[in-house]
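Chemist: Need coordinates for the following:
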Amino acid sequence: MGGKSKVLVVGGTGYIGRRIVKASLAEGHPTFVLQRKEIGLDIEKVQMLLGFKMEGAHLVEGSFSDFQSLVDAVKLVDVVICTMSGVHFRSHNILMQLKLIEAIKQAGNVMRFLPSEFGMDPARMGDALEPGNVTFEEKMRVRKAIEESNIPFTYVSANCFAGYFAGNLSQMGNLFPPRDKLYIYGDGNSKVIFMDEDDVATYTIKSIDDPRTLNKTVYLQPPDNILSQRQLVEKWEEMIGKKLEKVTISEQDFLNSMKDLDYAEQVGVGHFYHIFYEGCLTNFEIGEEGEEASKLYPEVKYTRMDEYLKMYL
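Modeler: Numbers count the residues shown, from 1 in each chain. From the prediction side, this is the model:
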């Protein structure tokens, strides 16, 4: 690609998508955001899109119910990044990407596609608990379609978003850190990778023109953010000058808690189990099929979790 690649973000008003748009603009990429008619009367998303436009992004009308509009949007760019959420009850969004893949195939000009992943690596989650396994299986269906279509790709495994996992000291059902009592999963020593969401976006955009990441998985594992739950709690205790009461939840008690939960909650509990009891984010070595982001881009000054937690004081 000559110069900075042109980028289309699908799902640009979402939790990660809005950050991807800003990171793309900050890196000087001509940035296009799919303006879906399904947005309807969601004024906050409309205003966000207009804000992107004022910052220099181009809005492109398109809809998954209008295939030609997707093809036309894809033809404008070199790189397509999809950030449509696949969390819990919205997992059907993952398979909507199959239409996007068809549009990319028909357009024939895309040099890199980044599908909506940004969490655990689904290729390593073949034994995931039900019903959370559905999300991983659908992501693997999308990967299969990409690779069978010979579309150049980069997959991004971003691990745990700090807003959901660090700011609350990994407590389910709350997004603020406790100041008196908290739950520890098992021995609390499984290593977890916590990522500031803006850093996720920065590393993602860094990867899109990099030949080292072509047809590979980029794992976001900055070393200072590989922490156990207990280490994370200790950082918070030091900040507030107080030790918290800790209640340990055994593996079996944690799994037993799933039976009375609804579907979305069961998915969340399953993911927490794999992260905090099995250590699924750190119990493997990155092979030839992957690259680690902080090694590729040492110039990125990523946010450490003690810095991140300061906003909660």
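
Chemist: And the helices in the chain?
Modeler: 17-26, 43-54, 67-74, 92-107, 133-148, 162-165, 197-207, 229-240, 251-256, 263-276, 293-296, 305-309 (DSSP state H).

Chemist: I'd like the ones you listed as CSV, with mean pLDDT appended.
Modeler: Formatted as CSV, the helices of the chain follow (pLDDT from 0 to 100):
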stretch, mean pLDDT
helix 17-26, 98
helix 43-54, 97
helix 67-74, 98
helix 92-107, 93
helix 133-148, 96
helix 162-165, 98
helix 197-207, 98
helix 229-240, 98
helix 251-256, 96
helix 263-276, 95
helix 293-296, 98
helix 305-309, 98
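
Chemist: out of the ones you listed, nearest to Ile286?
Modeler: helix 293-296 (9.5 Å; Cβ to Cβ). No exception for glycine: its C-beta is placed from N, CA and C like everyone else's.

Chemist: Run the chain-centre distance for the closest one.
Modeler: 17 Å (Cα atoms, centre = their mean, to the nearest Å).

Chemist: Next: stretch 4-19.
Modeler: Relative to its parent chain, stretch 4-19 has a centroid offset of 12 Å by Cα atoms, centre = their mean.

Chemist: Show the end-to-end separation of it, please.
Modeler: Start and end residues of stretch 4-19 are separated by 18 Å (Cα to Cα, to the nearest Å).

Chemist: again, but for stretch 207-222
Modeler: Stretch 207-222 has an end-to-end distance of 15 Å (Cα to Cα).

Chemist: Which of the residues in that stretch are classified as buried?
Modeler: Using 16 or more other Cβ atoms under 10 Å as the test for burial, stretch 207-222 gives Ser207, Ile208, Asp209, Thr213, Lys216, Thr217, Val218, Tyr219, Leu220, Gln221, Pro222.

Chemist: Then stretch 263-275?
Modeler: For stretch 263-275, burial by neighbour count (16+ other Cβ under 10 Å) applies to Gln266, Val267, Gly268, Val269, Gly270, His271, Phe272, Tyr273, His274, Ile275.

Chemist: One more: stretch 236-253?
Modeler: Going by neighbour count (16+ other Cβ under 10 Å), the buried part of stretch 236-253 is Trp236, Leu244, Ile249.

Chemist: okay, those in CSV with distance to Leu50 next?
Modeler: Output for those, formatted as CSV (distance: Cβ to Cβ, whole Å):
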residue, distance to Leu50
Trp236, 38
Leu244, 43
Ile249, 45
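
Chemist: Looking at the buried residues of stretch 207-222, spot the one nearest Gly173.
Modeler: For the buried residues of stretch 207-222, the nearest to Gly173 is Leu220 (25.6 Å; Cβ to Cβ).

Chemist: is it true that that closest one touches Glu197?
Modeler: No - assessed by Cβ atoms under 8 Å, Leu220 is found out of contact with Glu197, at 10.9 Å.

Chemist: what do these two both touch?
Modeler: With Cβ atoms under 8 Å, 6 or more residues apart in numbering applied, the contact sets of Leu220 and Glu197 do not overlap.

Chemist: tell me, how many neighbours does Ala128 end up with?
Modeler: For Ala128, the neighbour count with other Cβ atoms under 10 Å is 22.
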